[in-house]
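> Pasting a predicted model and its sequence here:
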Amino acid sequence: MPRQTEDMDEQEEGGGAMSLERAISAVLKRIKLVFCLTIMAAAVVAASVYVMPDRYDASAIVQIDPRFKSITQLDGVVSELRGDSSTVESEIEIIQSRPIILQVIETLDLRNDPEFLAPSRLTQLLTRIGIYEEYKPGPPRPQRPRESIADILTVDEPGTSRPESDWIADAFMRRLKVTRVRNTLLIDIRFSASESRKAARIANTIAEVYLKEQLASKTRASSTASVLLDKKLDEMRSQVSDAERRVEQWKAEHNVFDSEGEDLSEKQLARLMEQTVAARNETSEAKAKFEQAQKLARAGDSGTALLEVLKSDTVRVLKEQMANATRRAAELRTKYGPKHPDILKVNAEVAEAESQIKAEIERLIENLQNQAEVAVERERQLVQSLNQLKDQQVATKDVSAELKDLEREAASSRQIFEALLVRYKQTSETQGLQLPDVRIIEKADAPQFPASPKRKQLIMMAGFGGLILGLGLAILLELLAPGISRQEDVSRTLETDHLSSVPMPNSDDAVISAAKAVRLVVAEPQSRYADAIRDARRELDMRRTSTAPRIILVTSSVAGEGAEVIASNLAHNYAMTGGRPLLIDGDLRLLPLTRQLAAERSRGLFDQVIDGQPIEAAILRDGLTDLHFLPAMGQAPPRKSIPETLNSDAMAQALAGLKSYFDTIIISAPPLLPVIDGRILADYADQIVFVVAWQKTPKQIAKAALKTLGINNRKLSGAVLNDVAIESLDETRGWQRGFMSSRHTKDMSGSRYAA
């Protein structure tokens, strides 16, 4: 596997990547913490909300009605409210405005209500530290009738005034909420109070005050408009009288007479102009007809194509007679010769018809000429009369301009006066007939249940928040775990395969003895621990490169990680399956397996090598499992350097000789970092098993230990996670804490090896 950079190694020290599976594992391992945080958060909030006082919300609904409403057909001074969004928002602001609120306070005498007199705890705190100056209301003022909201704002007893910051109004506004009902024209007036009936009474009063004020504003506007119009009408009445008087005086002085309100000369000129235009049209039409007849005559046409000819009944009858005569002539020519009397008679009839048609056409053309001449003459006379009348108008134009100015002034004054008079009548008549543009749709009822605090919702939210906090804390603790805790961490951090996760030794006993721990697969063969050892053995066998005898070295980073226990149980498992395994205690300094399995030994590996004696003579055999065990040394202290002994040719020859007797040799080596012994023994190994303590061995320490193997790192078969918590193993399989009960739980702590 490729090596990671040092930067990546440092980043992995915080716990590695967090996957969904790892997050679930972290939560399951710390489920008690998550549960406790959830219960604590819910309990704290529950204790808080149950001491909070109940508050009741009452709601009154009003509607803005943009439809035209009037008892009469006369327009009012104030227009109807429109049904757009800006109007609705404006009315919402008016409802919760200070004038409305002050009138409601005065109407219901809320200045003497204890609920509004007591400031909030936050205000009390701010007042104590000097940030907020609390308004302290004085004694209640005597009640007297008010006519409008303007009276409340402007009229007060002599020597008294309202403070700029009215605590009662501020407290009232905090309890009031005015909103638009979705996108409709409905406005929801909601008020919160400590008593349900009080909340309903205040909400209804707000709606009623708003309704009255809306109507009162219309009445005040109409009254003001009536006064202004009355004053203006007096002024305009005098102006109209003066203007009309000046017009009449001018006409009397200049002998000007009117006909139906218009000047006689102007009416005559207009009529004459109309007659002139009509005469010109008639002249043009007559000339056009006569010129067309002359054109046809010059072209050789007898005039039969003229419209007057085509429309003439006489010409039509003559043409029919000529056609009949021509048809008879044609029939007679087939029977008789050209000199026959009947033919001559018919030819004479045809000639007579042609002569009459020609004469009739000439008469019609002459008639067109006469009409054209008459039209020209009539037009000339009308033009002459028109020119004469124009000359007269020009002479009187300068004089009549002054009259027109006077008439325009009088007309405009009259129009303004009439419009004002009409408006004054409308305003006066409708002043007491105003209808509001809003109406109360639903009055507030006294609520049966408090609206706040929402205890169940708050407790559920607190519990949910505690759950989220617990989950986050569990995941955070998982990320901050100092050691390796998952199989993925083995591959990612140590860059080697994961062989097995061995659970923490556990049994019915409170504490498992060290002697029993090294033989736990024998004492509890059906346990989870034994299954994990079998998994490790299976992985080792699968990674075996040949069938020749092999040496398996089991080591760790530092002492206390349980490498000797893994090595012992692994060797016992090989022995229980019929193989020929040999377990060697290679820790010549601490002698962990030697002290547990052969406390009364006389000689061991170290003694046989330095004395040059056969190493087989120091091997012991377990009568129960037939496992052979080679102790580290006798009870006498070492007489030679341990590293030099392990690195000697005698040691190499001794291990090579053991391969002829045993197919699997398992060496429990000392830790790699504290001493060099384990690194020397790695030179003789065919497979190396690296033991890591679950969530205890720091990742950097484990990686540093593996780097000390050097070229022997290629012999590394994988790592074993030791002392893993049962919860971590159960996260994907659903196993419960504890081992399965074993029928073979015989205590093997007292067993000893025999020569």
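That came through fine.
> Give me the three-state assignment for the residue nearest to the spatial centre of the chain.
Most central in the chain under C-alpha atoms, centre = their mean is residue 182, positioned 17.6 Å from the mean C-alpha point. Per DSSP: H, G, I helix; E, B strand; the rest coil, the local secondary structure of residue 182 is coil.
> In terms of pLDDT, where does it sit?
pLDDT, residue 182: 87.
> likewise residue 212?
According to the prediction, residue 212 has pLDDT 88.
> Double-check that residue 720 belongs to a strand.
Yes - according to three-state DSSP, residue 720 belongs to a strand.
> So that it lines up with my notes, have the first residue be 38 from now on.
Sure thing, new numbering starts at 38, so read that last one as residue 757.
> Is it correct that it is in contact with residue 725?
No - here residue 757 does not reach residue 725: they are 11.2 Å apart, not a contact under C-beta atoms under 8 Å. Quick note: C-beta positions are derived from backbone N, CA and C, even for glycine.
> Those two: which has the busier surroundings?
It is residue 757, of residue 757 and residue 725, that has more neighbours when counted by other C-beta atoms under 10 Å, with 30 against 27.
> What's the separation between that one and residue 588?
17 Å (C-beta to C-beta, to the nearest Å).
> And for residue 699?
The gap separating residue 699 from residue 588 is 9 Å, by C-beta to C-beta.
> Quick check: longest helix in this structure by residues?
The helix that spans the most residues within the chain, counting by DSSP state H, is helix 378-467.
> For it, what is the distance to the chain centroid?
77 Å (C-alpha atoms, centre = their mean, to the nearest Å).
> Can you name the next helix or strand after it?
strand 475-479 (DSSP states H and E).
> Show me which parts of that following strand are buried, residue by residue.
475, 477, 478 (16 or more other C-beta atoms under 10 Å).
> Might one say that the last one is in contact with residue 101?
I take that to be residue 478. No - the pair residue 478 / residue 101 is not scored as a contact, 10.4 Å apart, by C-beta under 8 Å.
> which neighbours do the two share?
Between them, residue 478 and residue 101 share no contacting residue under C-beta atoms under 8 Å, 6 or more residues apart in numbering.
> What's the per-residue pLDDT of the residue nearest to residue 218 when sequence neighbours are not counted here?
Spatial nearest neighbour of residue 218, excluding adjacent residues (C-beta to C-beta, 6 or more residues apart in numbering): residue 225 at 5.4 Å. On pLDDT, residue 225 comes in at 92.
> same for whatever helix or strand residue 225 lives in, what does it pack against?
Using DSSP H and E, the element containing residue 225 is strand 223-230. If you count contacts as 3 or more C-beta pairs under 8 Å, 6 or more residues apart in numbering; DSSP states H and E, strand 223-230 packs onto strand 93-101, helix 122-132, helix 204-212, strand 213-217, helix 233-291.
> Quick one: residues in contact with it.
So strand 223-230 is in contact with 92-101, 125, 128-129, 132, 152, 212-218, 236, 239-240, 243-244, 247, 478, 481, 488-489, going by C-beta under 8 Å, 6+ apart.
> Report the angle between it and strand 93-101.
160 degrees (axes from the mean of the first three to the mean of the last three C-alpha atoms, to 10 degrees).
> mind listing the strands for the protein?
93-101, 213-217, 223-230, 295-296, 299-300, 475-479, 535-540, 587-593, 618-622, 657-658, 665-667, 701-705, 724-730, 753-761 (DSSP state E).
> Identify each buried residue in the second one, please.
Of the residues in strand 213-217, those with enough neighbours to count as buried (16+ other C-beta under 10 Å) are 213, 215, 217.
> what helices or strands is it leaning on?
helix 122-132, strand 223-230.
> about what we covered before: what's the most buried one of the helices and strands packed on strand 223-230?
Mean neighbour count, computed with mean count of other C-beta atoms under 10 Å, is highest for strand 93-101 among the helices and strands packed on strand 223-230, reaching a mean of 21.
> So what are the sheet partners of that one and their directions?
strand 223-230 (antiparallel), strand 475-479 (antiparallel) (DSSP bridges).
> where does the stretch 188-337 of the chain have low pLDDT?
For the stretch 188-337 of the chain, applying pLDDT under 70 flags the ranges 188-202, 291-304, 327-337.
> same check, this time on the stretch 638-787 of the chain
Scanning the stretch 638-787 of the chain for pLDDT under 70 picks out 764-765, 767-787.
> Show me the helices in it, by range?
Taking DSSP state H, counting those that start in this stretch as the criterion, the stretch 638-787 of the chain carries its helices at 642-648, 679-683, 686-695, 714-718, 736-744, 763-767.
> Compare the ones you listed and report which one is nearest to residue 463.
Closest of the helices of the stretch 638-787 of the chain to residue 463 is helix 763-767, at 88.6 Å (criterion: C-beta to C-beta).
> quick one: residue 385 from residue 101, how far?
From residue 385 to residue 101 the distance is 102 Å (C-beta to C-beta).
> Need the pLDDT of residue 548.
According to the model, residue 548 scores 53 on pLDDT.
> Likewise for the one 3 residues further on?
pLDDT for residue 551: 80.
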